[in-house]
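> Predicted coordinates and the sequence they were generated for:
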Amino acid sequence: MQEKHNEIKQNAKIEIAKTESTKELNDLKAKYVGKNGEVTALLRGMKDIPAEERASFGKMVNDLKVEITEMFSAKENELKDKEMMAKFDSEAIDITLPGKTPLAGSLHPLNIVKNKIFDAFCGMGFEVFEGPEIDTDYYCFQALNIPKDHPARDMQDTFYITDNILLRPHTSPGQVRTMENKKPPIKILSPGRVYRADDDASHSPMFHQIEGLVVDKGVSLCDLQGLLDEFVKIMFDEQTKTRFRPSYFPFTEPSVEVDVTCCKCHGKGCSLCKGTGWIEILGAGIVNKKVLEMSGIDSNEYSGLAFGLGIERITMIKYGISDIRTLFENNVKFLKQFNRR
Ligand code: PHE
């Protein structure tokens, strides 16, 4: 019996040593200690053993089972380690390979400039108020002192939905809607899309404006000048200066056209400023008393300043863009130039 015992043990040892995978090892385990395995068969043979030898026989077989089981688990650990290392090797990545940069989007130049304008004015205490893109004749014109058949309507004639409802031709209705809803002091920016019957290299039927409005006691043209001087320094550079030229808007009195020193040649004269050294950037003025009164603000107590700037225009000046249409074509090659990350 001892011989049989030794033989099984020896064979198991040899066979276990030869196995190369956990799968093979599991099959082998079944052969020895499984339900129909050789060690199990020995136990089954117990009944043929004389009663007095049974106890020592049982102990022997059990010891054999324990020994063999231990041999299997030692081998199993060894194989598992080996298989894990092989898996690591096969999955290894070469960390010296150059990385792939994911394609990242970037802000559209109009948004870059819009954000910069917001930053500049919000830093000076302005709040943002958005008006509707489709508005009534009253807000677009009449409340801004442009009655029906006023010649100033020609400059801004736009897209009518009905006789009374139209796509707004400027963001100035934002002034009126703010004054109707807010008591002075008022300091707001009103941004948005505007529409006009214009289409060439420097005009688009749809473009973006930002309206500025300040209403308080004693607001004057000097405040407008100070505000815009500060703004152009932030928008362009420290050396930029402004210049006011008399102009006309029905809703401001006096009205001005504001120029800045050319950001390319700083006033010397170049192709961007057509040799003049100056570039027009916006229209502005002191809010017409009639407009204040129509919106329910006492023009004897309060005065206001307003300005309206075109985001496309500022963007074109800032980046030297000669055709406004490039801003709407969404050509990725063009847009990528503004990705400054
Ligand atoms: N609304 C004017 C325009 O679109 C600009 C402007 C705004 C002028 C406010 C004066 C004051 O041309």
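Looks like it came in fine. Residues are numbered from 1 along each chain as shown.

> what helix or strand is Arg313 on?
Assigned by DSSP states H and E, Arg313 falls within helix 311-319.

> what mean pLDDT does that helix have?
For helix 311-319, mean pLDDT is 94.

> What is the subsequent helix or strand relative to that helix?
Where DSSP H and E defines the elements, the next helix or strand beyond helix 311-319 is helix 332-336.

> from the stretch 1-150 of the chain, which residue is nearest to the ligand?
Of all residues in the stretch 1-150 of the chain, Leu144 sits closest to the ligand, at 7.9 Å by C-beta to the nearest ligand atom. In this view, the C-beta of every residue, glycine as well, is placed from N, C-alpha and C.

> any low-confidence regions in this protein?
1, 340-341 (pLDDT under 70).

> how about the strands of it, start to end?
Along the chain, the stretches classed as strands by DSSP state E are 127-128, 134-136, 165-167, 186-195, 206-216, 242-249, 252-261, 278-287, 303-310.

> got a list of contacts for the third one?
Going back to what we said before, that points to strand 165-167. By C-beta atoms under 8 Å, 6 or more residues apart in numbering, the residues outside strand 165-167 that reach it are 133-137, 140, 158-161, 194-195.

> can you pull the buried residues of it?
Buried residues in strand 165-167, counted by 16 or more other C-beta atoms under 10 Å: 166-167.

> thinking again about what came up before, contacts only, for the nearest residue to the residue of the stretch 1-150 of the chain closest to the ligand once chain neighbours are set aside.
What sits nearest to Leu144 in space, not counting adjacent residues and going by C-beta to C-beta, 6 or more residues apart in numbering, is Phe251, at 4.0 Å. For Phe251, the contacting residues are 144-146, 172, 175, 285, 287-288, 291, 306, by C-beta under 8 Å, 6+ apart.

> ok, Ile279 touching Asp259?
Yes - under the criterion of C-beta atoms under 8 Å, Ile279 makes contact with Asp259 at 6.2 Å.

> so what's the residue lying closest to Thr22 once chain neighbours are set aside up against?
Of all residues not flanking Thr22 in the chain, Leu79 sits nearest, at 5.0 Å (C-beta to C-beta, 6+ apart). In this structure, Leu79 makes contact with 19-22, 25, judged by C-beta under 8 Å, 6+ apart.

> Tabulate those residues in TSV, adding columns for neighbour count.
Output for those, formatted as TSV (neighbours: other C-beta atoms under 10 Å):
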residue	neighbour count
Thr19	19
Glu20	10
Ser21	11
Thr22	15
Leu25	19
